[in-house]
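> Need a 3D model of the following:
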Amino acid sequence: MSSIDLAKITLNNTKNFLKEGKEEVYAMLKDPKVSDWQHISLQKNAFILKSIGASVPEITKALKEYPKKAKDISKNISLWDNEARNQLADLIGSKDSQKALEKAQLLEAQSGELENLKSELQQQISVFFETNRLIREALTLQALVPIAQACPDTKANLFTVGLETLSFMTAEIGGDPTQKCVDQLLLEANKLEARFTHIDMPKVPRLAEEVIFHHISLGVTTTKEITTFISGLKERLAGEINALERIKIALGGLYNLDSKDILPGLQVQASALGALITGLCQKRQLKDNTETIAGTLEYLNVYQLALKNKLLPSISEEVDIHSSKLNPTSLSAKKTKDFFVGAKGIIRSIKLMVTSLKGHESINEIELQVILETAITRCSVFYGKSSKDVKKLHEFIHGLVGNFNRPFPYDDIFELTKSTIAQYGTEIERHMYDYALPSELISLATISMPKTFGSLYKKIGEKKTAFKKANTGK
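As a prediction, this is how the structure comes out:
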């Protein structure tokens with residue numbers, strides 16, 4: 001291939017390179033992410049731009065410098081392109097082909113400077129792309145908060161108090177990461193209720209089941225009172241929650257717009273959020289309410305874990321130990337022995353013998369122990385003082401001892417059976433109340449935790465009463 005042909009190829013490649021470069025520069029300048037900034041008032045949007053972390057001085061500098069750089073690039077492209085055209089024309093009839101090739105190669109090298117010029121331009125306008133990114137990242141409730149706070153009409157002291165309240169309304173607004181919003185608390189309460197209702201009852205006497213169920217019931221009813229309370233809070237905040245949702249939807253609608261259209265919309269939503277947050281300062285009590293809920297849920301969490309994983313296995317083990325106070329056989333044997341010993345026991349034995357001689361139903365120690373053990377293992381009444389509960393208990397005991405003669409020995413055996421039921425239930429309760437909460441469970445809580453299960457039971461009972469009172473207004 002001749003030098004003339006090589007020169008021609010080199011010059012045509014240079015012209016194509018310049019054409020492509022010109023198109024790239026044109027595309028940069030016409031990109032809305034760049035060109036829109038010629039129509040955006042930096043003064044009007046200064047507080048928004050500053051709030052999202054954009055640099056107004058850098059944007060101002062870029063607006064002044066990049067048109068000059070673009071003009072400089074355009075001028076150089078024109079000069080190089082004209083030179084290429086002239087050299088192509090000079091190739092016709094050229095007698096010094098080597099010199100023509102060298103000139104073409106020199107022009108090719110000189111025009112290569114276009115790459116550096118484009119890089120410089122790209123660097124100058126990069127602030128626009130970065131700011132556009134920051135603007136779109138601001139289209140969330142979380143990111144809108146500092147913008148709302150920076151709004152000229154926002155009252156800083158009221159905003160700060162209202163923001164604390166808002167952080168409990170929604171998880172989308174940052175605050176203390178350990179603090180939960182009302183929806184998170186509601187979800188936690190519902191999960192706890194499910195955990196309580198799915199506690200498996202161990203194989204223990206029916207009376208022990210009744211005591212255990214009573215303690216499970218406290219967890220269930222307390223979580224229900226909490227969910228009712230939270231629902232009430234959400235009703236009181238319905239207006240604010242709906243307004244917050246409207247702001248969120250509006251922010252989402254701005255995302256695909258150009259920055260020149262986003263900034264005014266962003267300002268409108270920032271003002272709306274600022275007004276909403278400022279107004280929430282009047283409902284600052286919500287913070288105290290949610291802190292109370294969160295604390296109670298921590299009590300309930302430890303309570304449920306202790307009940308399921310520690311206490312119930314402990315009760316089950318004690319029930320199987322013959323010498324334990326929780327063993328039905330052990331207690332019924334002791335109560336039977338007490339019934340027949342001492343001065344009263346001797347008198348009862350004599351009276352039972354006389355009763356037997358008269359042909360009435362009598363009872364010995366083995367038979368009495370069976371009755372008492374049956375009472376423990378089958379009785380389903382321990383709590384409740386209503387006439388209905390008392391009647392149910394008496395009917396149960398009567399079903400065990402109703403065949404005995406009245407008033408003796410029926411009355412004595414009736415009262416013995418009743419006291420045995422009461423004592424066994426009390427022993428189960430005492431075992432639970434005195435149970436020391438393991439340190440690994442106490443350490444799960446972020447608040448001060450009682451040391452015994454009984455103290456925790458009492459604390460939860462107080463919280464339940466408080467929530468119930470708040471729910472009913474009584």
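> Could you find the residue nearest the spatial middle of this protein?
Centroid-nearest residue in the chain, with CA atoms, centre = their mean: Q184, separated by 4.0 Å.
> Please enumerate residues in contact with stretch 13-21?
With contact meaning CB atoms under 8 Å, 6 or more residues apart in numbering, stretch 13-21 is reached by 73, 77, 80-81, 84-85, 104, 107-108, 111, 114-115, 118. To be clear about C-beta, it is placed using only N, CA and C from the backbone, and glycine gets the same treatment.
> Give me the buried entries from these.
I73, I77, W80, D81, A84, A104, L107, E108, S111, L114, K118 (16 or more other CB atoms under 10 Å).
> pLDDT (mean, whole number) over the helix or strand hosting S126?
Element membership of S126, judged by DSSP states H and E, is helix 113-137. Across helix 113-137, the average pLDDT comes to 94.
> Other residues contacting that helix?
Outside helix 113-137, the residues that touch it by CB under 8 Å, 6+ apart are 17-18, 21, 24-25, 28, 33-34, 37, 49, 52-55, 58-59, 62, 65-66, 69-70, 72-73, 76-77, 80, 143, 255, 259, 262-263, 266.
> got it, and stretch 229-249?
With CB under 8 Å, 6+ apart, stretch 229-249 has contacts from 141, 144, 166, 169-170, 172, 182, 185-186, 189, 269, 272-273, 276, 279-280, 283, 286, 289-290, 293, 467, 470-471.
> Restricted to buried residues, select the residues you listed in ChimeraX.
Selecting only the buried entries of these in ChimeraX, with 16+ other CB under 10 Å as the criterion:
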select :141,144,166,169,170,182,185,186,189,269,272,273,276,280,283,286,289,290,293,467,470,471
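> So which of the contacts of stretch 229-249 belong to strands?
In strands, judged by DSSP state E, none of these are found.
> Just the ones in helices from the contacts of stretch 229-249, please.
141, 144, 166, 169, 182, 185-186, 189, 269, 272-273, 276, 279, 286, 289-290, 293, 467, 470-471 (DSSP state H).
> Point out the other helices and strands that the helix or strand containing A194 packs with.
Assessed by DSSP H and E, A194 sits inside helix 182-197. Here helix 182-197 touches helix 206-236, helix 285-306, going by 3 or more CB pairs under 8 Å, 6 or more residues apart in numbering; DSSP states H and E.
> Give the buried residues for the last one.
What that stands for is helix 285-306. For helix 285-306, a neighbour-count test (16+ other CB under 10 Å) marks 286-287, 289-290, 292-306 as buried.
> mean confidence for the helix or strand just after it?
Next along the chain after helix 285-306, taking DSSP H and E as the criterion, comes helix 312-320. Averaged across helix 312-320, the pLDDT comes to 96.
> what's the angle between helix 312-320 and helix 206-236?
Interaxial angle, helix 312-320 versus helix 206-236 (axes from the mean of the first three to the mean of the last three CA atoms, to 10 degrees): 160 degrees.
> now the angle between helix 285-306 and helix 312-320, please.
Orientation check (the same axes, to 10 degrees): helix 312-320 against helix 285-306 gives 40 degrees.
> Run through who's touching helix 312-320.
By CB under 8 Å, 6+ apart, the list of residues contacting helix 312-320 reads 199, 201-205, 208, 212, 324-328, 428, 431-432, 435.
> Repeat the analysis, applying 7 Å as the threshold.
Residues from elsewhere that reach helix 312-320, judged by CB atoms under 7 Å, 6 or more residues apart in numbering: P202, K203, V204, P205, A208, I212, S324, L326, N327, I428, H431, Y435.
> Helices - which of those land there?
A208, I212, I428, H431.
> Which one of those is nearest to P152?
Among those, I212 lies closest to P152 (CB to CB), at 62.3 Å.
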